[in-house]
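In: Sequence and predicted structure are below.
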Amino acid sequence: MANIVIVGTQWGDEGKGKVVDLLAEFADLVVRFQGGNNAGHTMVVEGKQFISHLIPSGILQNKICLLGNGMVVDPAVLIEEIDYLKSNGIEVGPDNLKISERAHIIMPYHKEIDHARERLKGDKKIGTTGRGIGPSYEDKATRRGIRFVELLDPEVFREKLNSILEEKNFYLEEYLSSNPLDLEDIINQYNEYAKRLSPHVTNISVVINNAIKSGRQVLFEGAQGTHLDIDHGTYPYVTSSNTIAGNACGGAGIGPKEITGVIGIVKAYTTRVGEGPFPAELSDKTGNTIQKKGAEFGATTGRKRRCGWLDTVILRNAVRLNGLTGIAITKLDVLGGLESLKICTGYEYKGKILQDFPAGLNILSKCKPIYETVPGWSENISDIRAIEDLPQNARNYLNRIEELIETPIHLISLGPARDETIMVTNPFE
Ligand code: GDP
Ligand code: IMO
Ligand code: MG
């Protein structure tokens, strides 16, 4: 029996959606445990592309999908996503989509505050997705959040919202120069959401633990990436939740002993969307080539992703922070055609070599990446299905990564489609 956590090792968009969709075949339940619709996970099945922001990527494999208590959920986006999947012939109902009664709700003022704060910050902005994620987690931490359990009780919802909205409107109008929001409008809208979603709301900790007890296998789908983690990422240029594997337990309501493996998704190069430090960033022709060939545009906001070489300083950080038992390398195909590739193996700071990722942004911004150069390959590798058939230089690149981060490769992705993959070791077997 295996229960596997999948996390991003870099700054998000590593290809978690594709790998979760693929591995979901071997799981019974697929669980999101943090974040919200700041995530954009892409799956390509039989030539058709699906992007999910909230519903776990296991939905296309017809698995039981759960939204954990650690998430912040925009009910309007969730309903839209359910309708979109249904209109594409995918079955979605209370039996296969369950929402934690403890998950927090994203409210209209969260989105308004997110946008207005970014506007006010000008060039010091974080570059958030504008989905209200930070303000919602902020209310959770200060115990003013509204959860599904409160949304489903119209009287409790009204009372809570009434007491919160006065303060939110004061802040919106007086500090952020935004428009105030109307209590009755929100109540009417959210009561409709409650009616629609109530059959899905349950205690998902009980559902998952019962499933594990009866020998079923669970896949935990992380969102964002290790370096966007609120504690361990490039703070404050991070998201507002713990994205690392340990939070699969807190964000889903299971004990750590249930986790049997942790797979880190590693894009074969590095990307970042939004602001914040990125030592191995390429601001030259090669960066542009990778951006174009990799179609590196955000799946949520459509923004161009910044691109750079593979950085093993951040990967070693991810191995330690998540306790990775293996990695999946994605988008290896994108690097084809480059004469040589660089791998960042350390950072130079004030004449010293740093092996570990520094916490201070002022240090990080002065770090110069130390590169090792390896030869590239020119062949198109997307149709290859066995590791032995990869060009020798591609194999050397993979071997060097394994060596530098001391973690085995379980899976190699060579294209966006489900079948464009080489499975080296199946973590569920
Ligand atoms: P996630 O947020 O980690 O799920 O990743 P995204 O879906 O935001 O971004 C990854 C993008 O790369 C998507 O457009 C995927 O369809 C695509 N993708 C995933 N794996 C591969 C791969 O191996 N090769 C190529 N060329 N594209 C891939
Ligand atoms: P997936 O799951 C890439 C980034 C935003 C911004 C920062 C804070 O698709 O990998 P937020 O809206 O969360 O307050 O924004 O985090 N960010 C992501 N970047 N992939 C994501 O998710 C992201 N989710 C948030 O761009 O820099
Ligand atoms: Mg994404």
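Out: Arrived safely, thanks for sending. Ligands and ions are numbered 1, 2, ... in the order given.
In: switch to C-alpha atoms for all contacts and neighbour counts from now on
Out: Will do.
In: strands paired with the longest strand along the chain, and their directions?
Out: In the chain, assigned by DSSP state E, the strand with the most residues is strand 340-349. If you go by DSSP bridges, strand 340-349 pairs up with strand 310-311 (parallel), strand 352-354 (antiparallel), strand 368-375 (antiparallel).
In: Could you list the buried residues of the following helix or strand past the first one?
Out: Going back to what we said before, that points to strand 310-311. Going down the chain from strand 310-311, the next helix or strand is helix 312-322, by DSSP states H and E. By 16 or more other C-alpha atoms under 10 Å, the buried positions in helix 312-322 come out as 312, 313, 314, 315, 316, 317, 318, 319, 322.
In: The helix or strand following helix 312-322 near ligand 1 at all?
Out: Downstream of helix 312-322, the next assigned helix or strand under DSSP H and E is strand 326-330. Yes - judged by C-alpha under 6 Å from any ligand atom, strand 326-330 comes into contact with ligand 1 at residue 330.
In: between strand 326-330 and helix 312-322, how big is the angle?
Out: Strand 326-330 and helix 312-322 are oriented at 140 degrees to each other (axes from the mean of the first three to the mean of the last three C-alpha atoms, to 10 degrees).
In: Residues of the protein that sit close to ligand 1?
Out: Contacts of the chain with ligand 1, taken as C-alpha under 6 Å from any ligand atom, map to 12-18, 40-43, 294, 299, 330-334, 413-416.
In: Could you list which of those belong to strands?
Out: Per DSSP E, these map to strands at 41, 42, 43, 330, 413.
In: Make TSV from those residues and add distance to ligand 2 and neighbour count to it.
Out: Compiled in TSV, these are given as follows (distance: C-alpha to the nearest ligand atom, whole Å; neighbours: other C-alpha atoms under 10 Å):
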residue	distance to ligand 2	neighbour count
41	5	29
42	8	23
43	12	25
330	13	24
413	16	25
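In: mind giving me JSON lines with those and columns for pLDDT?
Out: Formatted as JSON lines, these follow (pLDDT from 0 to 100):
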{"residue": "41", "pLDDT": "96"}
{"residue": "42", "pLDDT": "96"}
{"residue": "43", "pLDDT": "97"}
{"residue": "330", "pLDDT": "98"}
{"residue": "413", "pLDDT": "98"}
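In: mind listing what the nearest residue to residue 106 once chain neighbours are set aside touches?
Out: Nearest non-adjacent residue to residue 106, counting by C-alpha to C-alpha, 6 or more residues apart in numbering: residue 74, 4.7 Å away. By C-alpha atoms under 8 Å, 6 or more residues apart in numbering, residue 74 lies in contact with 36, 37, 105, 106, 107.
In: and if you look at residue 197?
Out: Residue 197 neighbours (C-alpha under 8 Å, 6+ apart): 75, 79.
In: any idea what it is structurally, helix, strand or coil?
Out: helix (DSSP: H, G, I helix; E, B strand; the rest coil).
In: Check the gap between it and ligand 3 for me.
Out: Separation of residue 197 from ligand 3 (C-alpha to the ion, to the nearest Å) stands at 25 Å.
In: any idea how far the residue in the stretch 51-200 of the chain that ligand 1 sits nearest to lies from residue 189?
Out: Using C-alpha to the nearest ligand atom, the closest approach of the stretch 51-200 of the chain to ligand 1 is made by residue 51 at 7.0 Å. Distance, residue 51 to residue 189, by C-alpha to C-alpha, to the nearest Å: 25 Å.
In: can you check residue 175 too?
Out: Using C-alpha to C-alpha, one obtains 26 Å as the distance from residue 175 to residue 189.
In: Per-residue pLDDT of the residue of the stretch 51-200 of the chain closest to ligand 1, please?
Out: For residue 51, the pLDDT comes out at 95.
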